[in-house]
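The sequence and its predicted three-dimensional model are supplied below.
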Amino acid sequence: MNKLSSESYLHPLPGQAIGIPLPVRFTYPFHYTPHPLVRLAAEEVLHYLSTRNDWQEELQQGKMFGVLIVQQADGSCGYLAAFSGNLAGSNLHPFFVPPVYDLLQPDGFFRIEEANISAINRQIRELESSPEYQSCEAALRDARNSAGQELERARQELKNARALREARRREPLTPEEQEALIRESQFQKAEYKRLEKRLKDQLLHLQEKADQYREQLEQMKQERKSRSARLQKELFEQFHMLNARGESKDLCELFRDTPQGTPPAGTGECALPKLLQYAYLHQLKPLAMGEFWWGNSPKNEIRRHGHFYPSCSGKCAPILKHMLIGLEVDPNPLVENRHHDTPLEIIYEDPWIVVVNKPAGMLSVPGKNGLDSVLQRLQELYPESESPLLVHRLDMDTSGLLLAAKDKNIHQRLQALFETRQIRKRYTALLQGNPRQDEGTIDLPLCPDFSDRPRQQVNWELGKKAVTRFRVEERSGGTTRVSFWPLTGRTHQLRVHAAHPEGLDSPILGDPLYGNQADRLYLHAAELEFTHPVTGETIHLCKEAPF
């Protein structure tokens, strides 16, 4: 296993790798358990990083790294390592494979045009902060305020004069006096119009002066926008991504048919695309991969030091779909029909309602891949029902109680109970770690991570309110059994509240998105309690966790 070329980017596998069988297929990068060889390689990278004292401050802020187990033509194996983005202001470091395209090279087109765009930014800032522009804008604001106040005073005077005339008209008046009141009204209205025109002309003069600056600013901003777009397009065209068949496509081609249409900023700079590109360029066969985190977690995301994570969907999915062509890849475990022959366990049933125990790994409703789901099973059981049936959903990997209504009207009434929080739900979970508190409430707002769906993130600006009560039931070694009572129903709410540092800081065991992969996600919807919409009796159902 240790017969390697002299290329410094290719590292020998550690001695512990002897006797470990090679992977049969390449890793499915969006849902995987790291191969033992990947874990050994990652440990070496983690050790190497710990020796780089010059990088520690930057590394502590958090960065994704990756390893790729590869095989040479003579059968010898080793590993490659990479980091996402750049490190210490550079894309080039001897231990790690080079980038697909080095956009940081000083004399490259990217740096040159980036400097031009930066110069436009400076010009915009200088003009916006110039005394002339600031004075012009201030004069326009003051003139508008003053004109508004003067017109308001004039309108009030017109109103008062009109009231006096109305009072006089209720008195006996000669024709001459009535004519005088009419002339007075006409004169005052004309005076108001003249005042309005004079103020408008004054404002127009100041507005034209301000518009000259604004047009200048807008021209510079439009130039910046168009140059940035051209630069991004030209940059993405430099990333010629290979696959195992030797076929090449640039990033613009790979993203053309995606919903976003164009690559997001930073595309092509993640660890796995770098690793695969280097392997293909140097006739190395990719065998297995893993991407792991070093350092602190970002503010909004959930990342843990040394933990492995799936490749991101927003930037990497279109690239990897192409780059993995020609490799035999593990199947996506999320599209395996694991429960095809498993009967659906019914916990409670009456003429209006049915409650089932959903197995972990079964969808609540059909997805894009046509997999078996609880809804399909219910439709087979109740083919005459016109109801949508399922009143709520559970994540695919969560097991437990699901409530369904056979009647459309009952379905609406049960949904109303959910919306008004009149249905009590309790979940059981096993956590990796020991939360500090024995019980309490977690209040962390959640929103989708749009660049890496289906992950959710804590976001105090964009997130929707998400509240969970919890109680520790048992602590055993490195795991903790807890009960959760969600007071809101956000996507991945319990999973994020468990894993986030401002929550319990202890991910649910087996959570591939926010913790570590295991044989299952150890989260179970154990209890439901609600008032029956027909009989009025309290329905209390319990199906304890199978773990």
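Sure, I can see it.

List the buried residues in whichever strand or helix holds residue 153.
Secondary structure from DSSP states H and E places residue 153 in helix 131-169. Buried residues in helix 131-169, counted by 16 or more other Cβ atoms under 10 Å: 133, 136, 137, 140, 143, 147, 154, 165. C-betas here are computed from N, CA, C, even on glycine.

now stretch 313-322
Neighbour-count burial for stretch 313-322 flags 313, 314, 315, 316, 317, 318, 319, 320, 322 (criterion: 16+ other Cβ under 10 Å).

contacting residues around the first one?
The contact partners of residue 313, by Cβ atoms under 8 Å, 6 or more residues apart in numbering, come to 30, 451, 452, 453.

Could you do the fourth one as well?
By Cβ under 8 Å, 6+ apart, residue 316 lies in contact with 29, 270, 272, 273.

For the first one, which non-adjacent residue is closest in space?
Read it as residue 29. Excluding the flanking residues, the one nearest residue 29 by Cβ to Cβ, 6 or more residues apart in numbering is residue 311, at 4.1 Å.

give me the element that neighbour is part of.
Using DSSP H and E, no helix or strand contains residue 311.

close enough to count as contact, it and residue 30?
Yes - contact status for residue 311 versus residue 30: in contact at 5.8 Å, counting by Cβ atoms under 8 Å.

Could you tell me how far residue 374 is located from residue 356?
To residue 356, residue 374 is 6 Å away according to Cβ to Cβ, to the nearest Å.

so residue 8 makes contact with residue 96?
No - shown here, residue 8 and residue 96 do not form a contact pair, counting by Cβ under 8 Å, at 10.0 Å.

picking that back up, for the very next helix or strand once past the helix holding residue 153, packing partners?
Using DSSP H and E, the helix or strand that follows helix 131-169 in sequence is helix 175-236. On a contact count with 3 or more Cβ pairs under 8 Å, 6 or more residues apart in numbering; DSSP states H and E, helix 175-236 meets helix 109-128, helix 131-169, helix 251-255.

Present the ones you listed as a markdown table; the columns should include mean pLDDT and distance to residue 263.
Formatted as a markdown table, those follow (pLDDT from 0 to 100; distance: least, Cβ to Cβ, whole Å):
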| stretch | mean pLDDT | distance to residue 263 |
| --- | --- | --- |
| helix 109-128 | 94 | 15 |
| helix 131-169 | 94 | 36 |
| helix 251-255 | 97 | 5 |
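
how about the ones you listed, which one is nearest residue 396?
The closest of these to residue 396 is helix 251-255. By Cβ to Cβ, the value is 27.2 Å.

mean confidence for the helix or strand just after the closest one?
Remark: after helix 251-255, the chain's next helix or strand is helix 271-281, criterion DSSP H and E. Averaging pLDDT along helix 271-281 gives 98.

okay, how far is it across stretch 488-507, tip to tip?
Using Cα to Cα, to the nearest Å, one end of stretch 488-507 lies 19 Å from the other.

model confidence over it, on average?
Averaging pLDDT along stretch 488-507 yields 96.

just stretch 393-406 next, same as before
Averaged over stretch 393-406, pLDDT sits at 96.

Residue 241 sits in which helix or strand?
Per DSSP H and E: strand 240-242 holds residue 241.

Mind giving me the packing neighbours of that strand?
Helices and strands touching strand 240-242, by 3+ Cβ pairs under 8 Å, 6+ apart, are strand 248-250, helix 271-281, helix 313-323.

could the buried residues of stretch 313-322 go into CSV alongside distance to residue 422?
Formatted as CSV, the buried residues of stretch 313-322 follow (distance: Cβ to Cβ, whole Å):
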residue, distance to residue 422
313, 36
314, 38
315, 42
316, 43
317, 40
318, 44
319, 47
320, 45
322, 50
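
Farthest-apart pair in those, please.
314 and 322 (15.6 Å).

ok, now how distant is the residue most central in space within the chain from residue 490?
Residue closest to the average C-alpha location in the chain (Cα atoms, centre = their mean): residue 449, at 0.7 Å. Residue 449 is 13 Å from residue 490, where distance means Cβ to Cβ.

Name the residues contacting each of the two.
Going by Cβ under 8 Å, 6+ apart, residues that sit against residue 449 and also against residue 490 are residue 456.

And the pLDDT at residue 453?
For residue 453, the predicted pLDDT is 87.

Any stretches of the stretch 201-350 of the chain with poor pLDDT?
For the stretch 201-350 of the chain, the stretches with pLDDT under 70 are 337-340.

same question but for the stretch 1-150 of the chain, I mixed them up
Low-confidence segments of the stretch 1-150 of the chain, defined by pLDDT under 70, are located at 1-7.

can we see that at 50?
Judged by pLDDT under 50, the stretch 1-150 of the chain has its weakly predicted residues at 1-6.

That one: strands as residue ranges?
For the stretch 1-150 of the chain, the strands defined by DSSP state E, counting those that start in this stretch cover 11-12, 63-71, 77-83.

Domain parsing of this protein, as residue ranges.
11-100+243-331, 113-235, 338-542 (automatic domain parsing).

need the ones you listed in JSON lines with distance to residue 106, can you?
Output for the domains of the chain, formatted as JSON lines (distance: least, Cβ to Cβ, whole Å):
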{"stretch": "domain 11-100+243-331", "distance to residue 106": "11"}
{"stretch": "domain 113-235", "distance to residue 106": "10"}
{"stretch": "domain 338-542", "distance to residue 106": "29"}
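
Out of those domains, flag the one nearest residue 107.
In terms of Cβ to Cβ, the element of these nearest to residue 107 is domain 113-235, at 11.3 Å.

Show me whatever sits in contact with both of residue 374 and residue 356.
What both residue 374 and residue 356 touch, as defined by Cβ under 8 Å, 6+ apart, is the set 344, 402.

separation between residue 55 and residue 103?
Distance of residue 55 to residue 103, given as Cβ to Cβ: 20 Å.

So these two - more neighbours on which side?
Remark: of residue 55 and residue 103, residue 103 carries more neighbours, 19 against 16, as counted by other Cβ atoms under 10 Å.

Surely the more buried one touches residue 91?
Yes - the pair residue 103 / residue 91 is scored as a contact, 7.5 Å apart, by Cβ under 8 Å.

got CSV for the helices and strands packed on helix 175-236, with distance to residue 414 too?
Formatted as CSV, the helices and strands packed on helix 175-236 follow (distance: least, Cβ to Cβ, whole Å):
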stretch, distance to residue 414
helix 109-128, 56
helix 131-169, 55
helix 251-255, 43
